[in-house]
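In: need coordinates for the following:
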Amino acid sequence: MCRLLGIVTASPYEFGLVLREAPRSMAILSREHRDGWGLATHPGDGGAWTVHRSIETADDDPAFAEQARRARGRVLIAHVRQKTVGPLSLANTHPFHRGDWVFAHNGTVEDVGWLARNTAPSRLAEREGVTDSELFFAYLLTRLDEGGSGALDEVITHAVRTATARAGFGTLDFLLSNGRGLWVGRFGRPLHLLERSPIEPFLSEDEVAVPVAHRHCVAVASEPLTDEAWTLVPAGVLLRLDVALSPAWRTVSPPVGSHRQVRS
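Out: Presented below is the predicted three-dimensional model:
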């Protein structure tokens with residue numbers, strides 16, 4: 001399987017710490033998930049995504065070290081791959097990027113025939129690779145296209161619930177972002193959440209240089225990257241991490257049959 005990392009921060013941040021320097025950084029995790037890496041960053045202010053991908057093992061790849069050092073913004077989606085569907089190729093490497101949206105997945109979707117039948121031909125034609133992950137992204141984009149100006153939480157929830165309710169659908173942990181929000185779904189392996197609040201005010205002319213301990217951020221990862229008290233995300237939950245001056249997270253859809261939200 002793969003490893004996911006998503007972060008939203010209060011102000012622009014250099015992500016090298018979590019990508020290469022943390023006790024269980026993405027570079028370290030790539031030693032067991034060797035089939036490529038991808039980084040997507042967004043400034044969170046109406047700008048555009050910057051996406052870098054490679055088929056090399058992150059910890060062995062000088063390009064990863066360089067891009068990790070340069071990675072900055074208010075939104076990060078990072079992925080290290082252990083391939084299950086589709087060969088080792090750049091086209092099959094996460095995260096996938098279409099317009100305003102970026103998507104990364106951990107798990108295996110089995111019901112690909114149903115997904116294809118419920119995905120617009122134009123979105124199917126956009127795919128560059130052959131993974132179940134990119135197909136699910138195309139399905140989500142189809143639902144978002146059809147949703148028009150509808151509430152994104154509702155459109156995404158309905159799309160995900162409809163798919164995952166099918167018998168034998170498969171496993172689906174995912175990160176989906178348009179740079180303004182980061183949607184997180186756990187329908188498979190564990191995901192862990194960390195909200196870090198500033199320990200004290202910190203003033204600096206260079207806000208990117210503010211130490212991580214002084215920053216307000218919310219992170220979600222396949223496994224805790226640090227020795228802090230990460231919280232296990234309940235199975236069957238959809239979350240949204242808000243990109244704001246005070247980043248927040250909320251449950252947009254609790255487990256089926258449960259009316260209890262992790263946080264409102």
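
In: give me every residue that touches the nearest residue to residue 50 once chain neighbours are set aside.
Out: Counting by C-beta to C-beta, 6 or more residues apart in numbering, residue 50 lies nearest to residue 41, which is 5.1 Å off, once chain neighbours are set aside. Every C-beta, even on glycine, is put in place using the N, C-alpha and C of the backbone. Residues in contact with residue 41 (C-beta atoms under 8 Å, 6 or more residues apart in numbering) are 15, 49, 50, 71, 72, 73, 75, 76.

In: from the centroid of the protein, which residue is nearest?
Out: For the chain, the residue sitting closest to the mean C-alpha position, by C-alpha atoms, centre = their mean, is residue 175 at 2.9 Å.

In: okay, and the beta partners of it?
Out: residue 104, residue 184 (DSSP bridges).

In: which ones are touching it?
Out: Contacts of residue 175 by C-beta under 8 Å, 6+ apart are 4, 6, 77, 95, 102, 103, 104, 182, 183, 184, 220.

In: buried stuff in the helix or strand harbouring the second one?
Out: What it means is residue 6. Per DSSP states H and E: residue 6 is located in strand 3-14. By neighbour count on 16 or more other C-beta atoms under 10 Å, the buried set for strand 3-14 is 3, 4, 5, 6, 7, 8, 9, 10, 12, 13, 14.

In: pull the longest helix belonging to the chain out as CSV, backbone CA atoms only.
Out: As assigned by DSSP state H, the longest helix anywhere in the chain is helix 132-147. Below are the C-alpha coordinates for helix 132-147, written out as CSV (Å, rounded to 0.1, in the frame of the first residue of the first chain):
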residue,chain,number,x,y,z
ASP,A,132,-8.0,2.6,-10.1
SER,A,133,-7.0,5.7,-8.2
GLU,A,134,-7.0,8.0,-11.3
LEU,A,135,-10.3,6.4,-12.4
PHE,A,136,-11.9,7.2,-9.0
PHE,A,137,-10.6,10.8,-9.3
ALA,A,138,-12.3,11.0,-12.8
TYR,A,139,-15.5,9.8,-11.2
LEU,A,140,-15.3,12.4,-8.4
LEU,A,141,-14.7,15.1,-11.0
THR,A,142,-17.8,14.0,-12.9
ARG,A,143,-19.9,14.3,-9.8
LEU,A,144,-18.4,17.8,-9.1
ASP,A,145,-19.1,18.8,-12.7
GLU,A,146,-22.7,17.8,-12.3
GLY,A,147,-23.0,19.4,-9.0
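
In: fine, thanks again, bye for now.
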